[in-house]
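[1] Dropping a prediction and its sequence here:
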Amino acid sequence: MEFWVLLGIIVVLAVYGVSIYNRLIDLRNRVKNGFSQIDVQLTRRYDLIPNLVEAVKGYMKHERETLEAVILARNAAVDGLKKAAADPTDPAAIQELAGAEATLGGVLGRLFALAESYPDLKANQNMMQFQEELTSTENRVAFARQAFNDAVMTYNTARENFPNNVIANMFLFKAAEFLEIESEDKRAAPAVSF
């Protein structure tokens, strides 16, 4: 009789452990899915930037440094996105992406500030279209980032709760990192006005 009771307890604990493991897998996959939504929107944004640079190049011939800085920042952000997309639960990759995004936002802000001093550029139809597309994309990125951060919070909470933390540590479920913007002025979508 004692054997069957002990066996029953072991089976119940094993089933409970498997259910915790499966829940952690589900939540980690939600984090990955949330990041894939960010990936789509940031890729769209990065694809717009070379076209934006081409559109302003003819007007801003004397601003070569700024245009090159935009392209370099865009390329660094693309690299950061690739690393983060490979493992959205890697805190270092998410922090690298956040830093690259902050840098890109800064140089884009400089580009738009310089564009203000070119009246013909401000009136250009392509520039108005880029303004609309970038603003729309920034809003989409913000919503995707919010959904990702919500998934990260749910996952991290589940992996830290007892007894989930025992299973999480046993199977090397690492904590995920929030994708946060570094400064308050970066929290708003870049002001794009031509």
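    Sure, I can see it. Here the structure is a predicted model, which is why all the values come from computation and not from measurement.
[2] which SSE is the residue nearest to the spatial centre of the chain in?
    Within the chain, one residue has its C-alpha closest to the average C-alpha position: by C-alpha atoms, centre = their mean, that is residue 38, at 4.9 Å. Here residue 38, judged by DSSP states H and E, is contained in helix 2-57.
[3] after that helix, next one along is what?
    That would be, after helix 2-57 and using DSSP H and E, helix 64-86.
[4] Contacts for that following helix next, please.
    35-36, 39, 42-43, 46, 49-50, 52-53, 56-57, 60, 90, 93-94, 96-97, 99-101, 103-104, 106-108, 110-111, 114 (C-beta atoms under 8 Å, 6 or more residues apart in numbering). (Glycine included, C-beta is placed from N, CA and C.)
[5] Distance of the residue lying closest to residue 180 once chain neighbours are set aside relative to residue 149?
    In this structure, residue 180 finds its nearest non-sequential neighbour in residue 98, 6.1 Å apart by C-beta to C-beta, 6 or more residues apart in numbering. Using C-beta to C-beta, to the nearest Å, we find residue 98 at a distance of 11 Å from residue 149.
[6] go on, residue 94?
    In terms of C-beta to C-beta, residue 94 sits 10 Å off from residue 149.
[7] Please say which of those two ends up with more neighbours.
    residue 94 (24 against 18; other C-beta atoms under 10 Å).
[8] Give me the below-cutoff pLDDT ranges for this structure.
    Applying pLDDT under 70 to the chain flags residues 181-194.
[9] repeat that for 50
    184, 186-187, 194 (pLDDT under 50).
[10] Could you count how many residues lie near the nearest residue in space to residue 30 that is not next to it in sequence?
    Closest residue in space to residue 30, ignoring its immediate chain neighbours: residue 151 at 4.4 Å, by C-beta to C-beta, 6+ apart. Using other C-beta under 10 Å, residue 151 is surrounded by 22 other residues.
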